[in-house]
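Visitor: no sequence on this one, just coordinates:
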Ligand SMILES: [Fe+2]
């Protein structure tokens with residue numbers, strides 16, 4: 001019995017008549033993908049500035065441990081933004097960085113944690129929405145975003161835990177908030 005081997009169909013290379021003029025232009029991302037990734041770059045910078053402001057506020061109020069935590073958060077948001085831009089560049093798209101909100105006023109640590117949870121949950125929904133849009137049109141970018149969906153899931157879990165921990169203390173009592181900060185960061 002003859003065993004037929006599976007051979008995937010790949011396009012036959014086009015013969016180039018004049019090699020000096022015949023450099024192929026490599027593929028790029030379609031406009032929907034670029035638009036989606038640009039929105040997510042904006043979100044990552046928004047998150048960076050939020051955590052940067054939170055770190056400044058905590059440092060100023062002498063919440064030393066949580067200040068260090070937000071320092072790390074701020075720099076990882078920059079890494080996420082960089083990753084999106086490098087992906088665009090890998091596919092020959094010059095990334096554009098949208099303008100975003102940079103100023104934040106905080107009253108207390110609880111407000112910062114509440115805001116961080118809302119922001120991370122919003123980002124998780126945005127990455128899920130972006131991914132479902134790209135699933136049918138651009139599977140390569142869909143796969144690339146898998147890491148970002150995982151990052152967002154972990155962030156939502158992390159801040160959800162912090163909200164649950166805040167309920168364990170009287171967050172109107174400064175000393176208990178300090179205990180929360182010393183215990184959970
Ligand atoms: Fe991020």
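Guide: Done, it's in. Keep in mind that this is a model prediction, so the values were computed, not measured.

Visitor: Does the ion have contacts with stretch 74-89?
Guide: Yes. Using Cβ under 5 Å from the ion, stretch 74-89 reaches the ion at 77, 80. Every residue, glycine included, has its C-beta placed from N, CA and C.

Visitor: mind listing what's buried in that stretch?
Guide: For stretch 74-89, the neighbour count (16 or more other Cβ atoms under 10 Å) marks 74, 76, 77, 80, 81, 83, 84, 85, 87, 88 as buried.

Visitor: Can you point out the helix or strand that includes the residue in the chain positioned nearest to the ion?
Guide: Residue nearest to the ion within the chain: residue 80 (3.6 Å; Cβ to the ion). Per DSSP states H and E, residue 80 falls inside helix 64-90.

Visitor: How far does that helix sit from its chain's centre?
Guide: Put simply, helix 64-90 sits 8 Å off its chain's centre (Cα atoms, centre = their mean, to the nearest Å).

Visitor: same thing with stretch 148-156?
Guide: 8 Å.

Visitor: swap in stretch 103-114?
Guide: On Cα atoms, centre = their mean, the centre of stretch 103-114 falls 21 Å from the chain's centre.

Visitor: what comes up buried for it?
Guide: Judged by neighbour count using 16+ other Cβ under 10 Å, the buried positions of stretch 103-114 are 104, 106, 109, 110, 112, 113.

Visitor: Contacts for it, please.
Guide: Contacts of stretch 103-114 with the rest of the structure, by Cβ atoms under 8 Å, 6 or more residues apart in numbering, involve 49-50, 53-54, 57-58, 61, 63, 66, 70, 115, 159, 162-163, 166, 171, 177, 180-181.
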